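Undergrad: structure of the sequence below:
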Amino acid sequence: MLNVGKIEEGFVLDHIKAGKSMSIYHHLQLDKLDCPVAIIKNARSNKMGKKDILKVECDINTLDLDVLAVIDHNITVNVIKNGEIVTKKALSLPKEIKNVIHCKNPRCITSIEQGLPHIFVLADEKKEVYRCKYCEEKFDRRSL
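TA: A predicted model of the protein is given here:
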């Protein structure tokens, strides 16, 4: 049995689809933080069969929930203070995201204007589809 110690302050991301933890690690830019991070891959789960878990010991205000929701809005976010879970946050797809995903359309203004932010708007919540604010290029968030 694998044993990863508890954290004093930070967050635990639970119910991550198996194999997605490294993508989340990079999208949340956890490699740029100077704090302990535990990545547990392919843990047994009664609910999911297999799952990944991320434990991050850092200031709880560093987590960008919009980025996390775009990757997988079914992830459970447990906020930890003084070694105990104080809040469980539910994620929902944000209406608009900025500089998380990039437009792949070579004719989009974001391809020409390098300083322009990449903004995507939630076009279809049921199908979880985002579109570029400038050219309406479709981005399916399930490809993350």
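
Undergrad: which other residues reach stretch 32-52?
TA: Under the criterion C-beta atoms under 8 Å, 6 or more residues apart in numbering, residues 2, 4, 7, 10, 14-22, 25, 30, 53-58, 62 lie in contact with stretch 32-52. No exception for glycine: its C-beta is placed from N, CA and C like everyone else's.

Undergrad: do that again at 7 Å, thanks
TA: By C-beta atoms under 7 Å, 6 or more residues apart in numbering, the surrounding residues in contact with stretch 32-52 are 2, 4, 15-16, 18-21, 25, 30, 53-58, 62.

Undergrad: so which residue is dead centre in this protein?
TA: The chain has Leu68 as the residue nearest its centroid, 2.1 Å off, counting by C-alpha atoms, centre = their mean.

Undergrad: out of the contacts of stretch 32-52, which end up buried?
TA: The neighbour count (16 or more other C-beta atoms under 10 Å) marks 16, 20-21, 25, 30, 53-58 as buried among the contacts of stretch 32-52.

Undergrad: now the residues you listed in JSON lines, with distance to Cys135 and secondary structure?
TA: Listed next are the buried ones among the contacts of stretch 32-52 as JSON lines, based on distance: C-beta to C-beta, whole Å; DSSP: H, G, I helix; E, B strand; the rest coil:
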{"residue": "Ile16", "distance to Cys135": "31", "secondary structure": "strand"}
{"residue": "Lys20", "distance to Cys135": "28", "secondary structure": "coil"}
{"residue": "Ser21", "distance to Cys135": "32", "secondary structure": "helix"}
{"residue": "Tyr25", "distance to Cys135": "30", "secondary structure": "helix"}
{"residue": "Leu30", "distance to Cys135": "31", "secondary structure": "helix"}
{"residue": "Ile53", "distance to Cys135": "38", "secondary structure": "strand"}
{"residue": "Leu54", "distance to Cys135": "34", "secondary structure": "strand"}
{"residue": "Lys55", "distance to Cys135": "39", "secondary structure": "strand"}
{"residue": "Val56", "distance to Cys135": "35", "secondary structure": "strand"}
{"residue": "Glu57", "distance to Cys135": "41", "secondary structure": "coil"}
{"residue": "Cys58", "distance to Cys135": "36", "secondary structure": "coil"}
